[in-house]
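K.L.:
coordinates only, sequence not included:
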């Protein structure tokens, strides 16, 4: 009997806690009617995202039969995009694009035309452009106004955020401003 008197307060607290929990679970339904269920919102967002899962949108321009925007499967290559656009025209320069390159969502692919034989200097200038998405730090440093720290920043940004889609994407790199971009934009090639 002594232990009942000694621990009666514990039993009383347990009963109050249970009563409180049971009372809130029954009355709590009405209190949350106007609130958004976070789990339901996440599920709805997941359903929306899965609708486009595995699909990539690619913009292909230049010397292809049907330039435009094409939807490709994830894992597609530039070759698949060129094929979807009806193939290259007779004036296309097959060396102007890397047909084996993986395609990324929102990518723009430009198939350049052939350079005429009488403009050998122009052809050399086109081929001497730095492919900013694939160049290493040493190659990037050959650009006007780009030192080692800016070259490292470009490579780091590319590794962290993926390939550059446009020349203007370089403005997102720390240390690259409008003036620097103006100095290098004619010396780089994207894709």
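P.N.:
Nice, I can see it. All values reported here derive from a predicted model rather than from experimental measurement.
K.L.:
was I right about residue 97 contacting residue 82?
P.N.:
Yes: under the criterion of C-beta atoms under 8 Å, residue 97 makes contact with residue 82 at 7.4 Å. To be clear about C-beta, it is placed using only N, CA and C from the backbone, and glycine gets the same treatment.
K.L.:
what residues are shared contacts of those two?
P.N.:
Common contact partners of residue 97 and residue 82 (C-beta atoms under 8 Å, 6 or more residues apart in numbering): 109, 111.
K.L.:
Can you give me the buried ones in the helix or strand hosting residue 81?
P.N.:
Taking DSSP states H and E as the definition, residue 81 sits inside helix 78-84. Residues of helix 78-84 classed as buried: 78, 80, 81, 82, 83, 84 (neighbour count, 16 or more other C-beta atoms under 10 Å).
K.L.:
What residue spans form the domains of this structure?
P.N.:
55-117, 130-189 (automatic domain parsing).
K.L.:
Ok, which of these comes nearest residue 13?
P.N.:
Residue 13 lies closest to domain 130-189 among those, at 54.1 Å (C-beta to C-beta).
K.L.:
End to end on the closest one, go ahead and measure it.
P.N.:
Domain 130-189 has an end-to-end distance of 6 Å (C-alpha to C-alpha, to the nearest Å).
K.L.:
From the contact counts, what lies against the helix holding residue 81?
P.N.:
The contact analysis (3 or more C-beta pairs under 8 Å, 6 or more residues apart in numbering; DSSP states H and E) places helix 78-84 against strand 55-62, strand 68-73, strand 107-111.
K.L.:
Turn the ones you listed into TSV, columns for mean neighbour count.
P.N.:
Output for the helices and strands packed on helix 78-84, formatted as TSV (neighbours: other C-beta atoms under 10 Å):
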stretch	mean neighbour count
strand 55-62	18
strand 68-73	14
strand 107-111	20
